[in-house]
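Colleague: Predicted model, plus sequence, below.
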Amino acid sequence: MLFVELAVKGLVYGCMYAMMAVGLTLVYGLLRILHIAHAGVFALGAYVAVVVANATGSLALGFALALVVSAIVGVGIYRFAYQPLLGHPPFVPMIVSIGLFIVMQEGFRMVFEAYGISFDNNPYYTSTVAIAGINLNYVEIAMVIASIVLLVGFGLFASLTRAGIGWRATVTDPQMATSFGIDPVRVRYINFLFGSGLAGLAGALVGLLNNYVEPTMGGLVSYKALAIIVLGGLGSVRGTLIASLILGVVESYGAIYLADVFDRDAIGFLFLIIVLMVRPQGLLGRK
Amino acid sequence: MSAYIASIVSVIGINMILALGLNIITGFCGQVSLGHAAFYGIGAYTAAYLAKLGAPLPLTLLAGTIMAGAIGIVVGLTSLRVRADFLAVTTMGIGFVFLGFVRKQKWLGGELGISGIPASGLHPVAYAALIVAFALGVIALTLWIKRSWMGFTFDAVADDEDAAPTVGISVSIYKLTAFGIGTALAGLAGGLYVYFARIILPDTFDFVQSIAILTMVVIGGTGSVWGVVAATIGLTLLPEVSRAASDYRLLIFGAMLMLVMRFSPGGLAGLVKRRAAS
Amino acid sequence: MTTLARIDDLHISFGGVAAASGVSFTVNTAEFLAVIGPNGAGKTTALRMVAGILKPDSGRVFFDDRDVTALPTHARVRLGLGFTHQIVRPFYSFSTVENVMIAAGHDLTRSPWRALSHRSRAAAKEKAATILARIGLADQADKSPRALPLGQRKRLEVARAIALDPKLLLLDEPLAGLSSAEAATMADLIRTLPAQGITVVLVEHNLGEVLRVADRLVVLDAGKVLAEGVPAEVMKRADVRQAYTGVV
């Protein structure tokens, strides 16, 4: 029973990681940049949700604004940090991204307290429901549903709408796409809007799940998301999704069985390093 | 010299050894490393553990240096398998694995680290002088490397590691050499830190520390020795200059990292070069 | 005629497509050998296997009577092999003369310890300057490769390889992208190398120049050796002409 429960919990975490990691891999696939400031967007989403929900009493409004604000800030980050530096080696925008993340994190610490804030009215925090004998929190279920809905939705967008197809074309072959009249800047905006919105929503959900929003909450999730996108083969959305779920499950088991040797956060990275040494292109990357 | 100044000088010296070591790996040889703090930690933990067992200072420093360098070479093997972004994330991962390991090991103090480390036996001012002597030695070493044929070869590897073999360069050996030297220096810094702080905590060697060291290298101008020296001094002194700045220290680091890379990717050294050219 | 290098039954395929299906030929000391064939024949692939940049699925490469099949490129360079890329790869952060210097100083880059214990670049600079002068790039010595037109970059690539004091020089399409005047100059330059003790094997498309300067030809088609011999006789063969033009 423990076996199954660990697997299910692992998959739930995997969905959360996926929401973060997809945004990262979208940016990488398009711009070849490791968008570390993505972690800041995650925390931003959480802060917006909690502040708005506490101010207006409406969780729904908090979440909606979290999504919108994160999406817009994500595009802003692209405009300020990445667009002007596209001619430089990718090392450069990555460092700017790291600096920006630190600034955002410190900004949160200064505006709100270092000790974190909570939702005033969080009915979901302690309520669980038993499905097939496993206790799951409502928020965890919401996370799984949200990630599935949003990712499937984006998949449909990418295959069925003109904008989506334009996006796919740009990721595959930017020069060819421009010669077809597809505007690369618009594609990048779509990229950052979607990826950042997703991250902000993930942050809001995690904040609700733990009933706790603090400045450094983006860090660890983001670092793991980086490990995930490398595992999944940088730039591959499908690879990222699979790698997210695998990492969630590996962590879940590893945290129990390797509890005396490594702490939970190290396990994901350990897994990544081992995989990369065996397969340098990642689990699902192409050589 | 007051104890306060002695401690500032000590921190500058330790940071300088850390930054110059990373400069060899990332600046000279072009191998991105986001986990340098792990080797700082390996050196510190090794030295601290041996110091508590009663080993004398020269031995603990040597042990810390060698341990960090040896593990550094093993980690350097990853740079033979993966590059650039993959290597960045791998080295970041190394840092987390180190931290995760050390936090769980009771014999290394777990979350509480190692405390009650014996004194160096030197007066704080004398110890600061010792650190400065080491720092000067490291500056001399990195200048020598840079101007020697090793520096020339590193430049070739950093420029194009696929073309370098066609001029007879064994890229693997040189990458491992860069990692070995750079991480050994981080280990030395760790050992020196141990007697300075008398207590070490796992969190001192986390990702933020790796980024702080990287900041000094990047702002100085990756690959430039004097630039990195200047940036290290400046960035270490900054929080001291203003008490208010101390609380904003990390914010300032982040902002500088962001703004310098955004507007002058060559760092301070790049600015100087551009001024000289115009 | 002594054999300097021997390629023995090399096979390699990429993603299910065979690029070499049993390529074998020998290289004699002090000769100028050209490997020719139609597009997709596997010429560059064969050369890269000799250089060690590609590992064959099966077969052996011998250099100076030594089996070098398992050796990486840099080790083969140390044994006396030089290589130029089809798409030139100078070190762009180095100046032109520095590009040649790093090769000229190959004795010092052998091991990190040796490299660390030597500072002076004077000897390497002098040697590099001499080579640049011989090759006609003396005026470009301090320029960045980015500032050089393609013809000069290709000459730089050759200069860098010569600075390694190779016994055998492998040139991958050194004339590609050059105007007919530049190609003729380059071909003449390469032709002087065997007399200086450097055996030359080149892969080339530009038949005109190749037929003029090569001592011997090896013709590849679809990953196999089709013919070999002196240019005049090889080019008379019907199967060779058919491989190129599709017409007997």
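Modeller: Cool, got the structure. Numbering: from 1, shown residues only, chains lettered A, B, ... in the order given.
Colleague: what does the stretch 1-150 of chain B have sitting close to chain A?
Modeller: B:32, B:78, B:81-82, B:84-86, B:88-90, B:92-94, B:96-97, B:99-101, B:103-104 (Cβ under 8 Å from any Cβ of the partner chain). The way it works is simple: take the backbone N, C-alpha and C, and place the C-beta from them, glycine included.
Colleague: ok, and the closest non-adjacent residue to residue 33?
Modeller: With no chain named, the answer covers chain A. Using Cβ to Cβ, 6 or more residues apart in numbering or on different chains and skipping the chain neighbours, the partner closest in space to A:I33 is A:P93 (4.7 Å).
Colleague: my bad, the chain I had in mind was chain B
Modeller: B:S33's closest residue in space is B:T91 (Cβ to Cβ, 6+ apart), at 4.5 Å.
Colleague: got the contact list for A:G195?
Modeller: Shown in contact with A:G195 (Cβ atoms under 8 Å, 6 or more residues apart in numbering or on different chains): A:V22, A:G23, A:L24, A:L26, A:V27, A:H38, A:G74.
Colleague: what residue ranges in the stretch 101-250 of chain A score low on pLDDT?
Modeller: A:124-126, A:133 (pLDDT under 70).
Colleague: right, I mislabeled it, should have said the stretch 101-250 of chain B
Modeller: Short version for the stretch 101-250 of chain B, where the test is pLDDT under 70: B:242-246.
Colleague: The residue nearest to A:I33 looks like it's in a strand, true?
Modeller: No: counting by DSSP: H, G, I helix; E, B strand; the rest coil, A:P93 is not part of a strand but helix.
Colleague: How many residues are close by it?
Modeller: Using other Cβ atoms under 10 Å in any protein chain shown, the number of residues around A:P93 comes to 28.
Colleague: Need phi/psi at the most far-flung residue of chain C relative to its centre.
Modeller: Largest separation from the mean C-alpha position in chain C: C:S117, at 31.7 Å (Cα atoms, centre = their mean). As for C:S117, its main-chain torsions (degrees, to the nearest 10) stand at phi -90, psi 10.
Colleague: before we move on, back to that, next up, the contacts around the residue nearest to B:S33.
Modeller: B:V32, B:S33, B:L34, B:G35, B:H36, B:V75, B:T78.
Colleague: just to revisit the earlier point, roughly how far does the spatially closest residue to the residue farthest from the centre of chain C that is not a sequence neighbour sit from B:A133?
Modeller: Nearest-residue entry for C:S117: B:S148, 7.4 Å, with adjacent residues in sequence omitted and distances by Cβ to Cβ, 6+ apart. Between B:S148 and B:A133 the distance is 22 Å, computed by Cβ to Cβ, to the nearest Å.
Colleague: Go ahead and confirm the residue nearest to C:S117 touches C:W113.
Modeller: No: using Cβ atoms under 8 Å, B:S148 makes no contact with C:W113, being 10.7 Å away.
Colleague: Of the two, which one has the most company?
Modeller: Taking neighbours as other Cβ under 10 Å, B:S148 and C:W113 compare with B:S148 leading, 21 against 10.
Colleague: Up against chain B, what does the stretch 151-287 of chain A have?
Modeller: A:219, A:223, A:226-227, A:230, A:234, A:259-267, A:269-270, A:272-273, A:276-277, A:280, A:282.
Colleague: Which among these count as buried?
Modeller: The neighbour-count test (16 or more other Cβ atoms under 10 Å in any protein chain shown) marks A:219, A:223, A:226-227, A:230, A:234, A:262-267, A:269-270, A:272-273, A:276, A:280, A:282 as buried among these.
Colleague: What about the residues you listed, which are in strands?
Modeller: Among these, DSSP state E puts none in strands.
Colleague: Quick one: distance of the host helix or strand of B:G95 to the chain centre.
Modeller: According to DSSP states H and E, B:G95 maps onto helix B:84-104. On the basis of Cα atoms, centre = their mean, to the nearest Å, helix B:84-104 sits 15 Å off its chain's mean C-alpha point.
Colleague: Check which element follows it along the chain.
Modeller: Counting by DSSP H and E, the next helix or strand C-terminal to helix B:84-104 is helix B:124-147.
Colleague: Packing partners of that next one?
Modeller: Under the contact criterion of 3 or more Cβ pairs under 8 Å, 6 or more residues apart in numbering or on different chains; DSSP states H and E, helix B:124-147 touches helix B:3-22, helix B:171-197, helix B:225-241.
Colleague: do you know which of those lies nearest chain C?
Modeller: Using Cβ to the nearest Cβ as the measure, helix B:171-197 is the one of these that comes nearest chain C, at 4.3 Å.
Colleague: Since that was my last question, I'll sign off now.
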